[in-house]
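Engineer: Below is the structure, and that's it, no one-letter string:
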């Protein structure tokens, strides 16, 4: 099984507002950078989108180390929150609707294909890959500013 490193970050100017995401995929000495954005979105949607778009690029089941500064993404995966929300009809423990269920559904389906371990890092703390993903995400968000 191929071992892939994925680094992601999301950004939003206003929340909601124009947003972007960036991701770096590394495998066997190769590196690919991808990014995208949306005109009216939230930071959490952009964080999720970066992970989803990176995993979508994998053409076969892989062993993935996912590095993100998003507690929402990392905890949603590691602590099983998203799985619980799905089992409960996309409702949280307090019976309120889980946000971003469309993206979580897509992410959970991708996670079922790959062996993904999640690593949380502090954002804006000098991790070069995180800083690069942040720059890509911010640049994408700026494309949607009026």
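Structural biologist: Received it, and whenever you're ready, just let me know what you need. Remember, predicted model here, so these are calculated numbers, not experimental data.
Engineer: Which residue ranges of the protein form strands?
Structural biologist: 3-12, 17-27, 30-41, 63-68, 115-120 (DSSP state E).
Engineer: Buried residues, the last one. List them.
Structural biologist: Okay, so that is strand 115-120. Residues of strand 115-120 classed as buried under the neighbour-count rule (16 or more other Cβ atoms under 10 Å) are 116, 118. For every residue, glycine as well, the C-beta is placed using N, CA and C.
Engineer: Output the contacting helices and strands for it.
Structural biologist: Identification of packing neighbours for strand 115-120 by 3 or more Cβ pairs under 8 Å, 6 or more residues apart in numbering; DSSP states H and E yields strand 63-68, helix 71-78.
Engineer: a markdown table for the ones you listed, including mean pLDDT and mean neighbour count?
Structural biologist: Below are the helices and strands packed on strand 115-120 laid out as a markdown table (pLDDT from 0 to 100; neighbours: other Cβ atoms under 10 Å):
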| stretch | mean pLDDT | mean neighbour count |
| --- | --- | --- |
| strand 63-68 | 98 | 21 |
| helix 71-78 | 98 | 18 |
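Engineer: related to what we said a few turns ago, any chance of the strands of the chain in CSV, with distance to residue 108 too?
Structural biologist: Putting these into CSV (distance: least, Cβ to Cβ, whole Å) gives the following:
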stretch, distance to residue 108
strand 3-12, 16
strand 17-27, 18
strand 30-41, 20
strand 63-68, 14
strand 115-120, 11
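Engineer: so where's this structure uncertain?
Structural biologist: Where the chain drops to pLDDT under 70, the residues are 146.
Engineer: coming back round to it: any idea which of the strands of the chain gets closest to residue 90?
Structural biologist: Proximity to residue 90 (Cβ to Cβ) singles out strand 30-41 among the strands of the chain, at 18.8 Å.
Engineer: Can you give me the buried ones in the closest one?
Structural biologist: 34, 35, 36, 37, 38, 41.
Engineer: can you list the helices and strands packed on strand 115-120 in JSON lines and add distance to residue 137?
Structural biologist: Below are these laid out as JSON lines (distance: least, Cβ to Cβ, whole Å):
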{"stretch": "strand 63-68", "distance to residue 137": "12"}
{"stretch": "helix 71-78", "distance to residue 137": "13"}
